[in-house]
Structure formats: structure tokens, C-alpha cells
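Q: Test case, fold it:
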Amino acid sequence: MTQQLPEGTVTVLFTDVEGSTALRTSHGDETAHARLQTHGELVRGQLREHRGHEVKTMGDGFMAAFASARAAVDCAVGIQRLLDEDNRSHPTEHHIRVRAGLHTGEVVREDGDLFGEAVNAAARIMAKATGGQILVSDTVRSVLGHGRDTELLDRGRFRMKGFPERWRLYEVLWRSKDEPAAAVAPVLAERTPFVGREAERADLRRLMEQAVAGHGSIVLIRGEPGVGKTRLAQELVLEARKHGMFDATGRCYEMEGAPPYIPYIEMLQQSLRRGPAGFRIALGENAGEMAKILPELRQIYDDIPPALELPPEQERLYLFNSIREFLERVSSTLPLLHVLDDLHWADDATLMLLQHIAQHQDKMAVLTVATYRDIELDAARPFARTLESLVRQRLAHRVALKPLPETGVEAMLSALTGQPPPPALVQAIYRETEGNPFFVEEVFQHLSEQGRLLDAEGRWRSDLQVGELDVPEGVRLVISRRLERVSEDCRTALTDAAVVGRDFGFQMLQALTELGADALLDAIDEAERANLIVAADDLPPPEGDRALEARFRFAHELIRQTLTSGLSLPRRQRLHVRVAETMEQVYGRGAEAYAADMAHHLYQAGAAADPAKTARYLVLAGDRAIEGAAFAEALRNYDIAFSLQPAGDLAARADLFYKRGLARRTLDRWDEALGDWREAADAYERLGNTEAAARTYDDMCHHLSWGLRLAEVLELSQRGLAILGRRDSAHRCRLLGYGGITLSVAGFYSAGYAMIKRAVAMAERLGDDGLLGQEIEALAIHHLAYSEFREIAENAMKAAELLRRAGGLWYLVDDLLFAEAALFMTGRSAESLEVWRERQPLADRLGRVDLRWGFDASATENLLRTGDTGSFELFWQTAAEYALSLHEPGSIWQSHVNMGVVHFWKGRWREALDSFEEAEKAEPAGAFSGQAPAFVLLARAYLGERSGALAVLSQRPGAPPEREGRPSSASLLFPMLRAARSSGLGLGGLLGIVRESRSMRTRGFLPRRGRPNTQGSWCVLLTAVEGLAALGEKGEAAKLYPLVLEMMKAGILFRFYDARLLDTVAGIAAACGGKWVAAEEHFRTALRRAEELPHIIERPEVRRFYARMLLDRDAPGDREHARQLLIEAIEMYRRIGMPKHVEMAEALLREV
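A: Next up is the predicted model:
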């Protein structure tokens, strides 16, 4: 027959005897040989009858070729029927069961054999069949057409070894001569029918249309497990595609230590796969930040810049802003639909990112649909807090899904079968499932697989007895029953996969399970056909996986949970160990990229895993979380790692202390962070790791300096300097700078300046622009502490150039703020605004809302130009709330002073005093001490509280009653001396510190002539003049006139906070001393400046004080001049909204 083999397009048939080896083993070679010989004769007889060509035999199977596809199928059916008839005359244990597979395609004839893809495909199709079954390819089905004598049942798509795409296979239904075919369990459609939910779908369509129009939103779909939350979202995806939206789906997982941002990472990966070129364009300048959570970007693109170096506490906000800007760029050209599934399992980082985007989503063409289980809301989990926040801020719409009514169950059964269901069956299934769609589907599948519902033609059985149906109680029990009906190999593969997670890859499962490749493919196909798993074509492979790896997902999380719940604890732990070991085997050195997954499996393995290895991966997972600014997740990993870390591994524990301190600091757990860092520094010193110890001291000083915790900064900088010796290094340079700033801010001018200059010189020697910029900025801070605004501007502008060049954007924001304030205070308002225009976008980009110095050029300029105290109040009210959230004393005190000033202008003098006193409680000791008391003095003076106002002038800086127990500058003497000595400061510098300390113990707030004075002292001076004048203490006010002139010579134009012109203050002081000519000149200058700037609030204020001077002088024409000034002032006060000032001006007018 070999010479007659067809060539070209043929239909290839493969057959195989199922269980032939077992037949020989159980019943002996003689019986087996006889039965298999009969089988061979039957097959060859059918080949002759249908003009088939026997190509060869393989063991007990045959390969045959046919010129006609119909003849090939008829031959296969004939073989099954004859074998069925023959089996009836033999005991059951002697039955021969044959599986057959057919495919039509091109073949090549060579040496009496046939070759080609069609041959391979037919063999693989046969391997997917079971005994008594005939499977054919879609090609064979197409060739056959719609003949009446051949029934085909769609068995779904199968994966076949050697073929990248899945094949749709059909079963040929055949009947024996005497019996009807057994009922065949139907195959559910790949996408089960969707019924009901019309109102919910209408709401979602409306929100989708709004998003397409550029007004996005968040929708939260809630309901019990299986109620259809995910399916409703999937239906919206199909509609969104028709509207031209780009969709992506991300899922959260019930897994402690899951990678942070996992749903967003999945969505970004999907977007990347679907358009790499456009994705890079959309990344823009944020590519470096985005690579923190998507490291594979650096492998795909070769132009990804490094991420900005920012303090960890600001990294998260900058990352969030980068992601937001990416979404804004994409959605400006292509509206987006994001689906976040199972949000109740989301990690802190994901939820914080969701909230951040929500604040801006109404201005983006982005619709976010999130699903969550409302029956699993746990107040202890982060989602409960996020939900409350989103709802309270009205940033999300909620859609509640309830189970289907009985009519919905009827519609679902009708859609599943294409025919109306019996009413009694509807009632029974509704009663048992209570209308839960997933439960309904599982019950239907369970009963169908048992052959209890449909006949061979797929119609409802005529003998259906609803009362006799065994419907398991509870969806998990239904799933368990269905799992019992799949093969042992399928259950094994699914159990292993369930431990891996909701999603899994084929290669990973192949390496994990003990099944062979073919057996695993069969198991996966069987699970797909049973709708237990689905192909996860939308899921990108994990970082580092091969792009074409087949990936799958459990059709529902309840299926996975059912599988894992059946495992004993020891077996589950062993499986988790195997998963971790397999990951290491599959990914090799790249396993660290999966640190979070590795940590999860090893931790779940408990005692079955090596504790040191578990700790190692937990630390790696924490490190990855830190890199992605997911600090809460990092802290959880580090805490667990501590419980597993061997106590004797001092180096590992030192690193862990340092990292945990960093995570705690970024979560505003200051004291715990400092405790960890101190432990780390001590351990590093014991290990002789000077560099790591210095880095730790450097970090501690950085964070403590912004908290104005002067004593601790001095102590830690001294310890760091002591271990570093005299060698130049970046750490030593920064520690010198921190020590110098602290000395300066504490009120030790000479020592602080000298130490900072040493840091500047070291930075110059090191040739590091960024470091030099930071240390010159430190000089600006030094001068700020003493109100030397010309020097501030000079140094800040010089530092800005260096920081721009070095890319030190974080420090640049602070530096520009110093320049902005200094330029404004010295009357260079146009330049100040120009600096603000550079600083503000940069601050927004970095997420900086820095109000530590109580100044914003734009807000202040707007106030001066318009007199709009309402806008100024709103600005500082927001600032005060933000300051409280930061727990930073500097921000709190400055915001309270500004709020008090607004209250004062608006005539709420008692509230003003309250704000000033709150500021005084938060005000630190040192150079800035006195700013809040200065305004307490002013408010009490206007309220007529004479003794309280005058008491401020007798206070010593840094030691008001409200702050007993907090260190004053003088009490920091010994820490300062130690720090200064460690810095290399000479004897003269040390003696200078002692002298300045003694001076602080004796003098009050007011400055002294001819020497540097703190900003707090100058602030007290400028308010004391006005307060003393208001109290009638003109002689005391007059004594301060020379000091006011000294400050004016330094080029300062305004008083701090309320922008009172120094010309006005000088006029008041001169008038109190009867220096009429000088006073009048000051007031005229002030009037001119108030008009030119303009300075709306100062215009009536100058007029009021000028009028007071004219009445006191009472020269000819003075009273009429005063009358005119006061009339103008009253009108201006009323226009601005300063009622108390109206009263004061009217009272003064009555004196005229």
C-alpha cells in the first residue's frame, strides 16, 4: 500500500488503544495479543472499506491517510462502532477502547511515509482524545460542511505541543447500532452569557461617555463573591473599545507581601506590550521615575535617564506625580479605561496612588472601574480607610451589585442552553444559589457534567426530575464536586498552580509539577474545557519571563481557594517551598526580580523553609518596595525579616536597622526611626564600617535638622565627625554643614559661619558641584538666621547655579525659596517673582509644598497688589493644615503666625492672639526664637493688655513659659563645643561659643547695635516699636529708632510676615521721639512706596500713623492734613475689610 500513498492535501487519521499496557499486565500477553489482533483486523477492514491508506503502525495504533475528509471521518466512526459491538461479547476488563484524531492539510510523501505539519497536528489531536472519542480539527469541520449524518460538538480550544496557537477541536458524535449515544456534557461558551444589570450598565455608560469627553472618574463596584463584579467590568471594556478607549486591567491578590502597585504594574505592562514606541513617547521626562516600578523599561529602551535623587519621604509623591503626568499625556490623545479587580486586597501603595490620581481624574479622559467584596471589608486593612476617604471627598461613584432575581436565573439558564428552561428547574437552582451568577453557572455545569440536565442533542431531558437533583450546598462544595470529575493529573496540576497564585505561567508550572510536558498540556486543556481556568492573554509575563510564555488564570478566585483549602498545613508548606525552589531554578540569578513572590512563598512555608533565606528575600522585597516609594510595604517586610534574622549576624542586622529606620522615617514615625538608626550606627561602628556609620549619621542629621531638633543634630554630627577623622569626604562635608547650620540657627553666629565655610572649602576640594551647592545654600541659611538678606540672595543665587548643573533639584527648591524671600525683602519684587516662577513648577513636579519659612512670593505679591486678605487667609489655612499633617515644627509655627496676621487685619484680634500663642508653642529655640512672641506683643498691645505685652520684652530667647523642658540655645553649649571641636574649629572659635552662650543667658529679645542679631530679635524690634506706641510707651519706642535705621541700612524693606514697610516703622519710632522732620520723611517715603509697589494694605496704615504724628506735632495745617489722611484711610480700610482699623481711624478722626 505504500506505493499508493496520496500526496498534497490529505486527511490524516491517527488511532491509539487506550490502556493497552495495563491490559497486558492485568490479563497476560495471550489474552492481550488476541484482543489487539482483533482490533487490528477491524481497523484494517474499515480502512479498505473507506479507501484509506495505512501509512504505518505505531505500537497498537495506526496512521492512515485519506483523499476524502468525509471518508476519513466515516472510517473513524466505523472503527468505534465495530469495536463497541465486539466489546459487548467480552468481559468489561477485556474491552478495547480506541481514541482517534484527524486533521486535513498538506503532506509530503517520502520513503513510504508521510511528513509535514498536518501529520504532526493529527497526532497531537489524537493525544487530546480519550477512549471511544474522535476529535477533529476546525479544518476538517470546515471541509465536512453541514452534513446531516455527522454531528460535531465544539470541545473548545486546546494547546498542543509544538504549536504556539491554541486549536479549536470538535468531537464527532457517533452511535452504536443498538443504543443511543450517552448524554454528553455541554461545553460552556468561552464567554458565558451576560444577563440583567441594565441600570448599572446605563450608569457605567454615562460615566464612560463623560470620561471620553475629558471628565474622568472612579467607579467602585461592590458585591459578594461571584455576584458578577468582574464580569460587569468586562462588559464595560467591550463597550469602551467600541468608543475608541484603550483599556487595561490590573488585579490585586490575596497575598501578604505582594509586590506594591501590582495592579498598576500589570496595566502598564499591558500598555507597553501593545505599543512600545508610543509608550516611550508618553513616558516623557518621567521615564526614570516610572522605571522604579517597571524596571524592564531599562532593558527595552536605552535612553531611560536615572531617577532623580530625592529624600525618601518625597520620592513617593514625585513618583505619583510622574504616573499622573504619564496618564495625562496618554489620555490627552486616547481615552483610557482602567479596571482594578479585587481592590479589597490592595496594598497601601496601590491605594495611595489611586487616591492621588483620583484628585486629578475629573480633568483627565480616564475612567477607573474597581471591584471589591463588600462582605470582606476589614477595618484593619488599608482599603477600608481608602474607601471612606474616596466617598467622603466625593471622588468615587459606587455601584452595588445584588444577586439576580429568579427571572435573571431563568434568563441565564436560557442563554446557556439556547432554550427556555423548565420552571421547576429555575426555581430549584434559584432556591439553592439565591441568584448568585457564579453559583448558578457552577451548579449548571456540575449537573450537566453528570448528564442530569441535557440529552445527547443538547435539549432539556424529557425525564428530568428536579426533585431528584443533588445540588450541593454552597459554591465551594459545588466546585469540589466538579474537581472530583477531572483527571488526577488535572487536579494535581491545578493544586500546584493554586499555590503559585491566581495567575501562573506554563513554564513555571511545568518546572514545578511532576507531570510530563504532554500530560501537563492535557491537564491544562482539560481544566480549560471545564472552565476552571482561562487563558490569560491579557496578562504580561512577569519581569524577565519569555514573552511568548502561555499564561493562565483561575476562572474565579473561589476555585483557587477551594483547591488550597483542601491542603493540609504541612503539604501546603511543602508546596510553597517547592514553588520558591522552582522559581530559583527557572529564573536563576533573575529570581531576585521576584523578591516579593519569593518572600511570600518562603514565609508561607513556615518551618519548612530556611529562615535565613526567607529573611534574605524579605529584605530584598523591602528594598524593592523602598525603591518604589512603597514604605508601608517595605516596613512590613523588614519587620518580618527581623523575626527571622539570626541574632549573631551583626552586619545583616545593622543593614536591616538602617533600612527599617528609613521606612519608619518616611511614614513619619520619627522616634522609632531614630531608634533604629542609632542601633544601626552603633553596629556599624562595632563592625568597623566607618562609611556606613557616617552615612547613617548623615541621614539622621538631615532629617533632624528639618525638624529643628538642634541638640540631637549636634550630638550626632559630633559622633559622625569623630569617627571620620580629618580626611575629606562627602559625608564629613555634609556633617560639617549640618553642624554649622545648627550652630548658626542656635544663635552662635561666628562658630556656625566658620564651620559652614570649612564645609564649603571641602566641597570645593572634592570638586562636587551638587555638594558645593548644598554647602553654599547652608551659608544662605546661616545669613537667613540673622536677617542678612543681601547675603542670602547672593549665596542662594550662586548655589542655584551649581544645583541646576548637578541636577540637585530637591535642594534647588529650598534654595530658590531663600532667594525668593531675600529678593522680596530687599525690594527686588520683580526678581523675586521670576525666581518663584522657576521654583513653583519645580516644587509641584517634586511634590514639594514647602512652607517652613513662612513665605510665598506669589501669595505675598498678590496680597500687596490687591489687598485680598481672603485669598491670603485661604492660602495659609491650607498651609496650616498641611503643616499639621507633616508634624514639622517649622511649618506649624510659620503657618500659625501668618494665620494670626490675617485674623489681625480682619479685626479678629482675640483669634489673632490665639494663633500667635499657638505659634509660640511650636517655635524652636535659637535664631528664629522671637518671631511668634513679637506678634504676641503686638496683639496684646492692641487689645490693651499692657502687662502681657511688656512681659514679652523681658523674656529671654528660647525659654518662654510654654516651652519649659525644651532646650534653649544656651543649654546647648556643651554639645556645641563638642561638635565644634570635632569639626576642627580652633580655640578662638570655641571661646566665641562660650562668650555667645553667656550673652544669651543675660540679654532679652531685642537686638544690640553693631553686631549680628538673630532674625527673632529683629522681628521683636519691628513689632515692639508699633506695640509700644500703641500702649503709649513713646519713650521706650523712641529708644529703638537707631536699631530700626540700622536694619534699613541693610537694605531690608519689609517687616516679617505682615510686610509692614520699615519706613512706616521708622516713622513711628521717630515720631515717638519727637523727631518730626525725620518722621515725616519716613512717612512720605512709605506713602510713595505703598503707591508704587503697590501695597494696598499699607496705604491706609501709613496714613493712620502719619495722621497720629501730625496730631502729636500739631503744627499749622497738621490737623487738616491729618483729617484728610484719616478720611482716606477709613475708606481704604472699609474697602479692604479691616473693621477694627476703621474704628481706630474713626477714633483718631474724632481727636481732630
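Q: Quick check: beta-bridge partners of residue 173?
A: residue 151 (DSSP bridges).
Q: Settle this for me: it is touching residue 155, isn't it.
A: No. Residue 173 is beyond contact range of residue 155, at 10.9 Å (criterion: CB atoms under 8 Å). (Each C-beta comes from the backbone N, C-alpha and C, glycine too.)
Q: what's near enough to touch the spatially closest residue to residue 1062 that is not a sequence neighbour?
A: Spatial nearest neighbour of residue 1062, excluding adjacent residues (CB to CB, 6 or more residues apart in numbering): residue 1048 at 5.2 Å. Applying CB atoms under 8 Å, 6 or more residues apart in numbering to residue 1048 gives the contacts 1062-1063, 1066.
Q: Secondary structure element holding residue 1048?
A: Secondary structure from DSSP states H and E places residue 1048 in helix 1041-1049.
Q: buried ones in the helix or strand where residue 777 lies?
A: Element membership of residue 777 [criterion: DSSP H and E] is helix 769-784. Residues of helix 769-784 classed as buried under the neighbour-count rule (16 or more other CB atoms under 10 Å) are 769-784.
Q: between these, which is nearest residue 1101?
A: Distance to residue 1101 across the buried residues of helix 769-784 (CB to CB) is lowest for residue 784, with 26.3 Å.
Q: Other residues contacting stretch 722-736?
A: 685, 690-691, 693-695, 697-698, 701-702, 717, 720-721, 755-756, 758-759, 762-763, 765-766, 768, 771, 774-775, 982-984.
Q: Could you check how far that stretch is from the centre of its chain?
A: Counting by CA atoms, centre = their mean, to the nearest Å, stretch 722-736 is centred 36 Å from the centre of its parent chain.
Q: Equivalent analysis for stretch 667-676, please.
A: The gap between where stretch 667-676 is centred and where its chain is centred comes out at 22 Å by CA atoms, centre = their mean.
Q: got it, and stretch 74-90?
A: The gap between the average C-alpha position of stretch 74-90 and the chain average comes to 64 Å, counting by CA atoms, centre = their mean.
Q: tell me how far the ends of stretch 235-248 are from each other?
A: Length of stretch 235-248, first residue to last, CA to CA, to the nearest Å: 13 Å.
Q: Pull the distance from that stretch to the chain's centre.
A: 24 Å.
Q: Buried residues in the lengthiest helix in the chain, which are they?
A: For the chain, the longest helix by residue count, based on DSSP state H, is helix 20-49. Using 16+ other CB under 10 Å as the test for burial, helix 20-49 gives 20, 23-24, 32, 35-36, 39, 42-44, 46-47.
Q: Closest one of these to residue 914?
A: Checking those against residue 914 with CB to CB, the nearest one is residue 20 at 94.8 Å.
Q: Phi first, then psi, for residue 1138.
A: The phi/psi pair for residue 1138 (degrees, to the nearest 10) reads phi -120, psi 80.
Q: And the pLDDT for the residue nearest to it when sequence neighbours are not counted?
A: Distances taken as CB to CB, 6+ apart place residue 905 nearest to residue 1138, at 5.5 Å, with adjacent residues excluded. Residue 905 is assigned 96 on the pLDDT scale.
Q: How about the one 10 residues further on?
A: At residue 915, the pLDDT value in this model is 94.
Q: And for residue 957?
A: We have a pLDDT of 62 for residue 957.
Q: what do you get for residue 541?
A: 50.
Q: related to what we said a few turns ago, next SSE downstream of the longest helix of the chain?
A: Past helix 20-49, the next helix or strand by DSSP H and E is strand 53-58.
Q: what sits up against that next one?
A: 1-2, 4-6, 16, 40, 44, 47, 62-66, 113-114.
Q: Return the distance of that strand from the chain's centre.
A: Using CA atoms, centre = their mean, the offset of strand 53-58 from its chain centre is 62 Å.
Q: what's the angle from that strand to helix 20-49?
A: With axes from the mean of the first three to the mean of the last three CA atoms, to 10 degrees defining the directions, strand 53-58 sits at 170 degrees from helix 20-49.
Q: Offset the numbering so it begins at 5, please.
A: New numbering, starting at 5: the last item is strand 57-62.
Q: Quick check: buried residues in strand 57-62?
A: Judged by neighbour count using 16+ other CB under 10 Å, the buried positions of strand 57-62 are 57-59.
Q: and that strand, which strands flank it?
A: Using DSSP bridges, the strands paired with strand 57-62 in its sheet are strand 65-70 (antiparallel).
Q: So which residues make contact with the next helix or strand along the chain from the strand it pairs with?
A: Using DSSP H and E, the next helix or strand after strand 65-70 towards the C-terminus is helix 73-91. Taking contacts as CB under 8 Å, 6+ apart, the residues outside helix 73-91 that touch it are 15-17, 19, 42-43, 46-47, 49-51, 53-56, 68, 70, 98-102, 104, 106, 108, 136, 138, 140, 144, 147-148, 151, 154, 176, 178-181.
Q: how about 7 Å then?
A: Contact partners of helix 73-91, identified using CB atoms under 7 Å, 6 or more residues apart in numbering, comprise 15, 17, 19, 42-43, 46-47, 50-51, 53-56, 70, 99-100, 102, 104, 106, 108, 136, 138, 140, 144, 147-148, 154, 176, 178, 180-181.
Q: Just the buried ones from the residues you listed?
A: Buried by 16+ other CB under 10 Å: 15, 17, 19, 43, 46-47, 50-51, 54, 56, 70, 99-100, 102, 104, 106, 108, 136, 138, 140, 144, 147-148, 154, 176, 178, out of the contacts of helix 73-91.
Q: how far does the helix or strand residue 848 falls within sit from the chain's center?
A: For residue 848, the element it lies in under DSSP H and E is helix 833-850. Mean-position distance between helix 833-850 and its chain equals 28 Å (CA atoms, centre = their mean).
Q: tell me the mean pLDDT for it?
A: 88.
Q: Now do the buried residues in that helix.
A: So, applying 16+ other CB under 10 Å, buried residues of helix 833-850: 833, 835-837, 839-840, 842-844, 847, 849-850.
Q: Show me the contact partners of the helix or strand following it.
A: Using DSSP H and E, the helix or strand that follows helix 833-850 in sequence is helix 861-870. The set of residues external to helix 861-870 that reach it, using CB under 7 Å, 6+ apart, is 824, 828, 833, 836-837, 840, 872, 875-876, 879, 1063, 1097-1100.
Q: Now do the helices in the stretch 905-1054 of the chain.
A: For the stretch 905-1054 of the chain, the helices defined by DSSP state H, counting those that start in this stretch occupy 913-926, 935-947, 950-958, 977-987, 991-1006, 1019-1034, 1038-1043, 1045-1053.
Q: What are the contacting residues of the shortest one?
A: Read that as helix 1038-1043. Helix 1038-1043 has contacts (CB under 7 Å, 6+ apart) with 1029, 1032-1033, 1072-1073, 1076-1077.
Q: quick check, nearest of those to residue 1021?
A: When the contacts of helix 1038-1043 are ranked by distance to residue 1021 (CB to CB), residue 1029 comes first, at 13.3 Å.
Q: Quick one: neighbours of the closest one, just the number.
A: Counted by other CB atoms under 10 Å, the residues lying close to residue 1029 total 30.
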